[in-house]
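Trainee: Sequence and predicted model, in that order:
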There are 2 protein chains.
Amino acid sequence: MRKPKIVILGAGYGGLMVATRLQKSLGVNEADLVLVNKNDYHYETTWLHEASAGTLSPDRVRYDIRDVIDKNKVDFIQDSVVEIKTSEKMVILENGEVSYDYLVVALGGESETFGIQGLKEHAFTISNVNSARQIREHIELQFATYHNETVKRDERLTIVVGGAGFTGIEFLGELTNRIPELCKEFDVDFHKVRIICVEAAPMVLPGFDPELVSYATSQLEKKGVEFRIGTAIKEATPEGIIVGKGEEEVEEIKAGTVVWAAGVRGNSVIEKSGIEAMRGRVKVDPNLRVPGHEDLFVIGDSSLVINEEINRPYPPTAQIAMQQGELVAKNITALVRQQEHLDTFHFDNKGTVCSLGEDDAIGVVFGKKVTGSKASFMKKMVDNRALFMIGGVGLTLKKGKFKFF
Amino acid sequence: MRKPKIVILGAGYGGLMVATRLQKSLGVNEADLVLVNKNDYHYETTWLHEASAGTLSPDRVRYDIRDVIDKNKVDFIQDSVVEIKTSEKMVILENGEVSYDYLVVALGGESETFGIQGLKEHAFTISNVNSARQIREHIELQFATYHNETVKRDERLTIVVGGAGFTGIEFLGELTNRIPELCKEFDVDFHKVRIICVEAAPMVLPGFDPELVSYATSQLEKKGVEFRIGTAIKEATPEGIIVGKGEEEVEEIKAGTVVWAAGVRGNSVIEKSGIEAMRGRVKVDPNLRVPGHEDLFVIGDSSLVINEEINRPYPPTAQIAMQQGELVAKNITALVRQQEHLDTFHFDNKGTVCSLGEDDAIGVVFGKKVTGSKASFMKKMVDNRALFMIGGVGLTLKKGKFKFF
């Protein structure tokens, strides 16, 4: 009897969870496991705002996939996915192809620009290690250039953050920590620096407890962040952004750096492969499979699961991706063993903590509201938990966050 | 009787030497001392290539002027010099003016672009702390951007150094140390990086011993530097440089970074003030005064002293600037005390060491040729000596180079 071949696309939170769980639950004689990933490392998507602001070394936010994968059980292919040919049970890679019996798509999300003109060309996104490093270096170059021009352009020192959602707020928190350091390093007057957060929606951190949101905005404002809520970016230009103020009125905000931190969509590979999706997100069945495809699982940012309580999709987070990964590993194990019963997915929300920089955060953990250093501590525990779930004690000690006080 | 007022312009090697020597030799009742400098810090011009390559923190190459100046004896004015009105014995500053009885011009040199088109706009120069920081950040951004573009442009990773003189070679040495670090940090393949040195003259390090020059080029070539000797930069563009190969033939070298490390001229304030000079350098009299001006001394990069042995000017170095500073302090002390005799300047060449990066160098010290780690050790001693001469043991311990092995 031929061994079934299980292919996992992506080594993010979801994909690595599937791979590490399957290498434990399945014996070498039960199945072939293949993991495909663009890079030979995993990165902590939820830490990228720190690498982008420069408060954490980019090397700290990633680890070698080989550190958590059992080479005897999992074949690792470093390549990019081009397309999935579901009818042929085949994945087309940039430099080859790989067939599968069961496929797990865990390719992560992409930045959604909503068709705003110039955003792709003139704004940065906090998407991966490469883009995070570029943001950090770009901001540093703006500061380094400031004193080196005959006519000083204060707008070089303006940073616009588009979006007051989770990523936007966490990035702002790190920036408020980094800016004083940059001012010192490059002899720049702190008062010349502006950090402006532009958000089209009428609120900061939609879905968060209003009391906590109010704490967050007031803390960030104290550190110099200007909020422009209910203000839409109409266009990004080489000089900055154009925002809409009212019906017709527009205003230019000149800025040396524009970071677009709003909008995540599913992976474009989904659509390219002809899989039904909304903005790249597949509404998966209760077993986390693509409806009509018994061999095809989608998890993480490219999956869509409805929160029945409010009849809206759960936001894409590392927490949900990892829980999905655990469940998919269970279900694939069952399928390989030709068991009838598959588990259905229920998101167990353990809480959400939004960092506001070093030693400050807001969150709801196990139903309790927390702020300040206590919340910041919880945030680091959440970050360490992801490491522990995937790589155990060893990885947590190696890459975890232990600078608590 | 009115106390004479001695004004020193510039806190480089020469200016600080004058100031620190005069604050020792003259009593508070003998003269008023004023030091004018653009920044509140002194920087080690001879270390800037390290800060530019990123092998030394920019903060390590500078120190607070107040660390070496006796506040009770010297008034410090932080301002930029606009013009010297010799007939009125007055210096016009950007934000004020200051009168003098004796003036020491030690304003340092400027980059000379020889009218090459586009050089000012598209090339960096290793001129001061600001420009060094900008070069470092610019190169880092090129590496950070490389993996973040859909189409990878290898020329981003090409660095052109214009000039194979002292600064050019020392900068190349540091670059060859930094590049492997950058490749690791930004996941860039070392073989994609190119370092090209373009020199119009038919030789590297003119005036240096040929055997040492041959050692230097071979060491740098081993580390990947490509030399284009006898090749003139015709133009710098946003994409790189255009070089002349033969009579008519030209070639484009695409490069993400172009650093112009050839050509130093005197300070433009000299010409603006109507003082006779060649490319901003004043041919001073044996007492280091401007001919016809008994109260006006010029030292350092803006002065020109002929080496009688070869009937050519001494190249501008920190060593000569400091020796000039010592002599001027002596002569001004004599003038203040109305003594007849002034000393004449004779350059005492203690040797020259050219760094080739960490733990490698070439040089002639006390008449002996040295290479490799021995020369590198000598180089660090030379660097420390300047600190010691100006700031004594305290400053040397605080800012010196002690990573010898």
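Mentor: All right, it came through fine.

Trainee: Would you map the strands across the stretch 1-150 of chain A?
Mentor: With DSSP state E, counting those that start in this stretch as the criterion, the stretch 1-150 of chain A has strands at A:5-9, A:32-37, A:41-43, A:62-64, A:74-78, A:81-85, A:90-93, A:96-99, A:102-105, A:110-111, A:124-125.

Trainee: quick one, which of those is packed in tightest?
Mentor: strand A:102-105 (a mean of 28; mean count of other C-beta atoms under 10 Å in any protein chain shown). In this view, the C-beta of every residue, glycine as well, is placed from N, C-alpha and C.

Trainee: Which residues does it contact?
Mentor: Strand A:102-105 is touched from outside by A:4-10, A:14-15, A:18, A:84, A:89, A:91, A:267, A:269-270, A:295-299, A:302, A:328, A:332, A:335-336, with contacts defined as C-beta atoms under 8 Å, 6 or more residues apart in numbering or on different chains.

Trainee: that older thread, the strands of the stretch 1-150 of chain A into TSV, with extra columns for mean pLDDT?
Mentor: As requested, the strands of the stretch 1-150 of chain A are exported to TSV (pLDDT from 0 to 100):
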stretch	mean pLDDT
strand A:5-9	98
strand A:32-37	98
strand A:41-43	97
strand A:62-64	96
strand A:74-78	98
strand A:81-85	98
strand A:90-93	98
strand A:96-99	97
strand A:102-105	98
strand A:110-111	94
strand A:124-125	97
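
Trainee: any bit of stretch A:56-72 sitting next to chain B?
Mentor: Yes. Using C-beta under 8 Å from any C-beta of the partner chain, stretch A:56-72 comes into contact with chain B via A:P58, A:D59.

Trainee: Output that stretch as PDB, nothing but the C-alphas.
Mentor: Below are the C-alpha coordinates for stretch A:56-72, written out as PDB (Å, rounded to 0.1, in the frame of the first residue of the first chain):
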ATOM      1  CA  LEU A  56      14.100  44.500  18.000                       C
ATOM      2  CA  SER A  57      16.800  43.100  15.800                       C
ATOM      3  CA  PRO A  58      15.400  41.400  12.700                       C
ATOM      4  CA  ASP A  59      17.300  38.300  13.500                       C
ATOM      5  CA  ARG A  60      15.400  38.000  16.800                       C
ATOM      6  CA  VAL A  61      12.100  37.700  15.000                       C
ATOM      7  CA  ARG A  62      13.000  34.600  13.100                       C
ATOM      8  CA  TYR A  63      14.400  31.100  13.500                       C
ATOM      9  CA  ASP A  64      15.600  28.300  11.300                       C
ATOM     10  CA  ILE A  65      12.800  26.000  10.200                       C
ATOM     11  CA  ARG A  66      15.300  23.100  10.700                       C
ATOM     12  CA  ASP A  67      15.300  23.900  14.400                       C
ATOM     13  CA  VAL A  68      11.800  22.700  14.800                       C
ATOM     14  CA  ILE A  69      11.400  20.100  12.000                       C
ATOM     15  CA  ASP A  70      12.400  16.500  12.400                       C
ATOM     16  CA  LYS A  71      14.500  15.900   9.300                       C
ATOM     17  CA  ASN A  72      13.800  12.200   9.400                       C
END
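
Trainee: circling back: mind putting the strands of the stretch 1-150 of chain A in JSON lines, distance to B:E174 included?
Mentor: Shown next, in JSON lines, are these (distance: least, C-beta to C-beta, whole Å):
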{"stretch": "strand A:5-9", "distance to B:E174": "43"}
{"stretch": "strand A:32-37", "distance to B:E174": "36"}
{"stretch": "strand A:41-43", "distance to B:E174": "29"}
{"stretch": "strand A:62-64", "distance to B:E174": "28"}
{"stretch": "strand A:74-78", "distance to B:E174": "33"}
{"stretch": "strand A:81-85", "distance to B:E174": "41"}
{"stretch": "strand A:90-93", "distance to B:E174": "40"}
{"stretch": "strand A:96-99", "distance to B:E174": "41"}
{"stretch": "strand A:102-105", "distance to B:E174": "47"}
{"stretch": "strand A:110-111", "distance to B:E174": "37"}
{"stretch": "strand A:124-125", "distance to B:E174": "29"}
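
Trainee: Tell me where the model's unsure across the stretch 201-350 of chain A.
Mentor: Within the stretch 201-350 of chain A, no stretch falls below the threshold (pLDDT under 70).

Trainee: Would you mind naming what in the stretch 1-150 of chain A lies close to chain B?
Mentor: Applying C-beta under 8 Å from any C-beta, one finds that the stretch 1-150 of chain A approaches chain B through A:58-59, A:130-131, A:133-134, A:136-138, A:140-141, A:143-145, A:147-148.

Trainee: May I see the PyMOL selection of the buried members of those residues?
Mentor: Restricted to buried positions by 16 or more other C-beta atoms under 10 Å in any protein chain shown, the PyMOL selection for the residues of the stretch 1-150 of chain A next to chain B reads:
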select buried, chain A and resi 58+130+131+133+134+136+137+138+140+141+143+144+145+147+148
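
Trainee: Tell me how many other residues surround A:P291.
Mentor: For A:P291, the count of nearby residues is 11 (other C-beta atoms under 10 Å in any protein chain shown).

Trainee: Now do the contacts for it.
Mentor: For A:P291, the contact set (C-beta under 8 Å, 6+ apart) comprises A:E276, A:K283, A:V284, A:D285.
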